[in-house]
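Engineer: give the three-dimensional model of this entry:
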Amino acid sequence: MNKFEYLMPTTIDEAISLCVSHGERARYIAGGTDVMIKIKEGKIGPQYLVSLRRVQGLDHITYKDGELRIGSLVTHRMLELSPVIRKEFPILIDAVTNIGSVQIRNVATIGGNIVNAVPSADGAIPLITLGAQVRLRGPKGERSMDLEHLFMGPGMTLLEPGEILLEFIIPKLPPRTGAAYCKHTRRSAMELPLLGVAVLISLEEDKFTCSEARIGLGVLAPTPMRARNGETILKGSKLTEDVLKEAGKAAAEECKARDSIRGEAWYRREMVEVLVPRMARIAMERAS
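Structural biologist: Prediction:
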């Protein structure tokens, strides 16, 4: 393993300055569960690791007036144990409780899970489905964007050199809204998903008509994606079994599944047809 210098800034501006000054030789590190593996495997060889662990103000979970803010250094275990997350955002519990082991979740951060930009990242799909935005800061200042637009391809994001992901912002959801996520794997063990499916449903007062719908898919395209054709079928419709199945079929046709060593494209598409209605039913139960 290549030798590196471990730098420990205490402020965001100091971290950005260190990363910029060392250029391509530097890499941010938070929990390190992904970065250290890549270093050991020789996939990356930074000469400087700029740790974010001592930077203040990046490990918050705040919920006010219906808006949720999650700092990028919040660990999966912190999300898993948060009473606010468990009560108001069970879709996030669906995701984080299936990420690695408890030991991994104690150190792995939600920000690191996102900026690694792997198609199988469990944290990305629920956040996209919830309409999350990301707040970023770099040498040029701060900016925000929809999380969905952050990804460019496997392992690639729109983050500029030296830029840090500060927090995720989930806007207030409509009344009678529920959401659910499923990580589909070959076995009940620590494993990357064959695919991930999330569905958000908002109901009218009759608790049967859909006023808003979002479908998030993972490992079904080069980046996490929304299945907007399936969403269109749900919006404004009475959520009968036929409508749910039609939305699942549309989502399956819309995704860009591919063959891999862990699963074939045809199987992934068929499971989308099954899991979209299944997650929609759970979302409806949570909404009502």
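Engineer: okay, buried residues for the lowest-mean-pLDDT helix or strand in the chain please.
Structural biologist: Scoring the helices and strands of the chain by mean pLDDT, DSSP states H and E places helix 35-40 at the bottom, with a mean of 84. Under the neighbour-count criterion of 16 or more other CB atoms under 10 Å, helix 35-40 has 35, 39 buried. (Glycine included, C-beta is placed from N, CA and C.)
Engineer: and the next element down the chain from that helix?
Structural biologist: With elements assigned by DSSP states H and E, the helix or strand that comes after helix 35-40 is strand 48-51.
Engineer: contacts for that following strand?
Structural biologist: By CB atoms under 8 Å, 6 or more residues apart in numbering, the residues outside strand 48-51 that reach it are 4-9, 15, 18-19, 22, 25-30, 35.
Engineer: chain center to stretch 208-219: distance?
Structural biologist: Taking CA atoms, centre = their mean, to the nearest Å, one finds the center of stretch 208-219 at 16 Å from the center of the full chain.
Engineer: no wait, stretch 26-44
Structural biologist: 19 Å.
Engineer: can I have the buried ones of the contacts of strand 48-51 as a PyMOL selection?
Structural biologist: Typed into PyMOL, the line below selects the buried ones among these, using 16+ other CB under 10 Å:
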select buried, resi 4+7+9+15+18+19+22+26+27+28+29+30+35
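Engineer: from the contacts of strand 48-51, which land in strands?
Structural biologist: Mapping the contacts of strand 48-51 onto strands (DSSP state E) picks out 5-7, 26-29.
Engineer: center of this structure, which residue is that?
Structural biologist: residue 124 (1.3 Å; CA atoms, centre = their mean).
Engineer: skipping adjacent residues, who's closest to that one in space?
Structural biologist: Spatial nearest neighbour of residue 124, chain neighbours left out: residue 224 (4.4 Å); criterion: CB to CB, 6 or more residues apart in numbering.
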